[in-house]
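Peer 1: Quick one: sequence plus predicted model below, questions after.
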Amino acid sequence: MRRKPTVDPQTRILDAAENAVAECGFAGASLRRIAQEARVNLATVYYYFRSKRGLVEAVLKRRFGPLREEHLALLREFEAANPGRPLPVEKILEAMLVPPLRLAAQDSARRQAVRRLFGRIVGEPNAETQEMLRHLRMESRTAFLKALQRSLPEAPRADLLWSVEFVSGALAFTLCNPRELEVETRGACNPANTEKVLAEMIRFFSAGFHALGRRPRKG
């Protein structure tokens, strides 16, 4: 009889911490409970992660770090295919939206884990977890904003910032509440159709971004 592969203590701690944060949030997640679920003692948790904050940062980096890398890689790919010219807004939006929508389309444990964790962070915001996630997103967010500024040089920076946050909010709702979207539209909108979700989001948000470039400046 084949034995199941042994999971190392560090991974067990990360899995237990992810479950605790997804269920209870940052403030409610207990290190003692995490250690118990991971079958280690508290000293082992502190050995690997030093603190509760260090542990939660590691959880977020494990789940959202790959998305950040996919965002940056796709943006670089589009820019390399469009040398010396600003990227069209539609391609920038595609680079923003494809990685998380691709993840949501996967029938996998990773998709469920990211959805649960992100749903908790969005639905029950905590200053510390928000700060950690903001730091993790900073590089890709800055890259997207620079691309948008090159594409829409007449658009005020503040307006671009508003619009980027609106895109993030719509994406978060779609990822965390796919069933709600289907129920509210009585089946007219199917969030499982990733290609349709992507096309509709690009259609809607690109119109808003282009309007920013045509808006007359005040003063």
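Peer 2: Perfect, thanks for sending it.

Peer 1: CA atoms for contacts and neighbours, from now on please.
Peer 2: Noted.

Peer 1: any idea where the helices of the chain begin and end?
Peer 2: With DSSP state H as the criterion, the chain has helices at 9-28, 31-38, 42-49, 52-80, 89-105, 109-123, 127-151, 157-176, 178-184, 194-214.

Peer 1: Any buried residues in the shortest one, and which?
Peer 2: To tie it back to what came earlier, the one meant is helix 178-184. When burial is assessed from 16 or more other CA atoms under 10 Å, helix 178-184 yields the following buried residues: 178, 181-182.

Peer 1: quick revisit: columns mean pLDDT on top of the helices of the chain, output as a markdown table?
Peer 2: Formatted as a markdown table, the entries for the helices of the chain read as follows, by pLDDT from 0 to 100:
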| stretch | mean pLDDT |
| --- | --- |
| helix 9-28 | 93 |
| helix 31-38 | 96 |
| helix 42-49 | 97 |
| helix 52-80 | 95 |
| helix 89-105 | 93 |
| helix 109-123 | 79 |
| helix 127-151 | 93 |
| helix 157-176 | 92 |
| helix 178-184 | 87 |
| helix 194-214 | 93 |
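
Peer 1: hang on, the earlier thing: and the buried residues of helix 178-184 as CSV, adding distance to residue 123?
Peer 2: Formatted as CSV, the entries for those read as follows, by distance: CA to CA, whole Å:
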residue, distance to residue 123
178, 15
181, 16
182, 19
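
Peer 1: Which member of those residues is positioned nearest residue 40?
Peer 2: Sorting these by distance to residue 40 puts residue 178 at the head of the list, at 36.3 Å, by CA to CA.

Peer 1: count of residues packed around the closest residue to that closest one other than its chain neighbours?
Peer 2: Take residue 178 and drop its neighbours on the chain: the residue closest to it by CA to CA, 6 or more residues apart in numbering is residue 191, 5.7 Å away. Residue crowding around residue 191 was assessed by other CA atoms under 10 Å; the count is 22.

Peer 1: list the contacts for residue 191?
Peer 2: Neighbour list for residue 191: 174, 178-179, 181-182, 197 [criterion: CA atoms under 8 Å, 6 or more residues apart in numbering].

Peer 1: Between which two of those residues is the distance greatest?
Peer 2: Farthest-apart pair in these is 179 and 197; separation 13.7 Å (CA to CA).

Peer 1: Looking at the buried residues of helix 178-184, spot the one nearest residue 214.
Peer 2: Here the nearest of those to residue 214, counting by CA to CA, is residue 181; it sits at 31.8 Å.

Peer 1: in terms of contact, does that closest one touch residue 174 like I think?
Peer 2: Yes: with contact defined as CA atoms under 8 Å, residue 181 reaches residue 174; the gap is 7.1 Å.

Peer 1: any idea how far residue 135 is from residue 65?
Peer 2: To residue 65, residue 135 is 11 Å away according to CA to CA, to the nearest Å.

Peer 1: Mind checking which of these two has more residues around it?
Peer 2: The residue with more neighbours, out of residue 135 and residue 65, is residue 65; 16 against 12, by other CA under 10 Å.
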